[in-house]
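A.B. asks: how would this look folded up:
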Amino acid sequence: MVVTGVLCAMNGFADIEEFCNEDLEWFQKWIKLPNGIPRAQTFSNILALKGNQGDSHKEVIDHNQTRKANAAKNLGTVRRIVLNILKEDPGIKGSLPEKRRRALMNRTYRQRLLSLA
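C.D. replies: Numbering: from 1, shown residues only. Next up is the predicted model:
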């Protein structure tokens, strides 16, 4: 969901949540969502899970800041993955923002891009 949201030009967890809720029917074709779309905080919590293994003392002392830093870092990683997917798209010429807008508006194009991943 996060990769798809970022692909479709969503910039933060609240944007991703809103996008997913608006396109719930499309997501339900691919994954079971018995409790609906996760909240923005859930997306943030999931992306914050990876911590620095060798820095556990710091994580205990400053758990919330470390988690926020991990979420931001991991969202940045997702953005780089999405940009690479967009650059690898052989079918459509245009700028990366144009491709992201097209992915937002055209489900078939979005699905094709996700299959490149």
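
A.B. asks: could you use CA atoms for every contact and neighbour count after this?
C.D. replies: Will do.

A.B. asks: need the helices for the chain, in chain order.
C.D. replies: 2-7, 13-22, 24-28, 40-47, 56-61, 63-88, 96-105, 107-116 (DSSP state H).

A.B. asks: which outside residues touch the second one?
C.D. replies: It refers to helix 13-22. For helix 13-22, contacts defined as CA atoms under 8 Å, 6 or more residues apart in numbering pick out 1-2, 5-6, 10, 27, 37-41, 43-44.

A.B. asks: now do the third one
C.D. replies: The contact list for helix 24-28 (CA under 8 Å, 6+ apart) reads 1, 20, 37.

A.B. asks: could you pull up phi and psi at the last one?
C.D. replies: Spelled out, it's residue 37. Residue 37 adopts backbone torsions of phi -80, psi 140, taken as degrees, to the nearest 10.

A.B. asks: residues near residue 37, how many?
C.D. replies: Using other CA atoms under 10 Å, the number of residues around residue 37 comes to 22.

A.B. asks: give the PyMOL command for selecting the buried subset of the contacts of helix 13-22.
C.D. replies: In PyMOL syntax, the buried subset of those is picked out as below (16 or more other CA atoms under 10 Å):
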select buried, resi 2+5+6+10+27+37+39+43+44
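
A.B. asks: want to throw the contacts of helix 13-22 into a markdown table with distance to residue 99 and pLDDT?
C.D. replies: Compiled in a markdown table, the contacts of helix 13-22 are given as follows (distance: CA to CA, whole Å; pLDDT from 0 to 100):
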| residue | distance to residue 99 | pLDDT |
| --- | --- | --- |
| 1 | 18 | 94 |
| 2 | 17 | 94 |
| 5 | 13 | 95 |
| 6 | 12 | 94 |
| 10 | 13 | 93 |
| 27 | 20 | 94 |
| 37 | 25 | 94 |
| 38 | 26 | 94 |
| 39 | 26 | 94 |
| 40 | 24 | 92 |
| 41 | 28 | 90 |
| 43 | 24 | 90 |
| 44 | 25 | 89 |
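
A.B. asks: remind me which residues of this structure are low pLDDT?
C.D. replies: 50-67 (pLDDT under 70).

A.B. asks: looking at the helices of the chain, which is buried most?
C.D. replies: Counting by mean count of other CA atoms under 10 Å, helix 2-7 has the highest mean neighbour count of the helices of the chain, with a mean of 22.
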